[in-house]
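1. coordinates for the following, if possible.
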Amino acid sequence: MLKGISPMLSPELLKILCEMGHSDTIVIADGNFPAETMGKNGIVLRMDGHGVPEIL
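-> Numbers count the residues shown, from 1 in each chain. Below you'll find the predicted structure:
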């Protein structure tokens, strides 16, 4: 267990955040956002059961 890290942050999300570079972008959106159509190289990580304010 990582101390001080919210259990809401999955290992996959932590890996993605660690691999991000200076020009990378992360989008936090609700379920109505068309994430799958936003780019061929994009990664979609779902956090079902959590709202945007809770994630922020």
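2. what residues of the host helix or strand of residue 15 count as buried?
-> Here residue 15 sits within helix 11-19, counting by DSSP states H and E. Buried residues in helix 11-19, counting neighbours by 16 or more other CB atoms under 10 Å, are absent. Heads up, the C-betas are built off the backbone N, CA and C, glycines and all.
3. and after it, which helix or strand comes next?
-> Next along the chain after helix 11-19, taking DSSP H and E as the criterion, comes helix 52-55.
4. pLDDT weak spots in this structure?
-> By pLDDT under 70, the low-scoring segments of the chain are 1.
5. what does the helix holding residue 15 contact?
-> In this structure, residues lying in contact with helix 11-19 by CB atoms under 8 Å, 6 or more residues apart in numbering are 5, 26, 43, 45, 47.
6. who touches residue 45 in this structure?
-> So residue 45 contacts 10, 12, 13, 16 (CB under 8 Å, 6+ apart).
7. Throw those into CSV and include distance to residue 39, thanks.
-> Shown next, in CSV, are these (distance: CB to CB, whole Å):
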residue, distance to residue 39
10, 21
12, 18
13, 18
16, 14
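8. of the residues you listed, closest to residue 55?
-> Closest approach to residue 55 among the contacts of residue 45 (CB to CB): residue 13, at 9.7 Å.
9. any idea how far residue 46 is from the closest residue to residue 51 other than its chain neighbours?
-> Leaving aside its chain neighbours, residue 51 sits nearest to residue 30 (7.4 Å; criterion: CB to CB, 6 or more residues apart in numbering). Distance of residue 30 to residue 46, computed by CB to CB, to the nearest Å: 11 Å.
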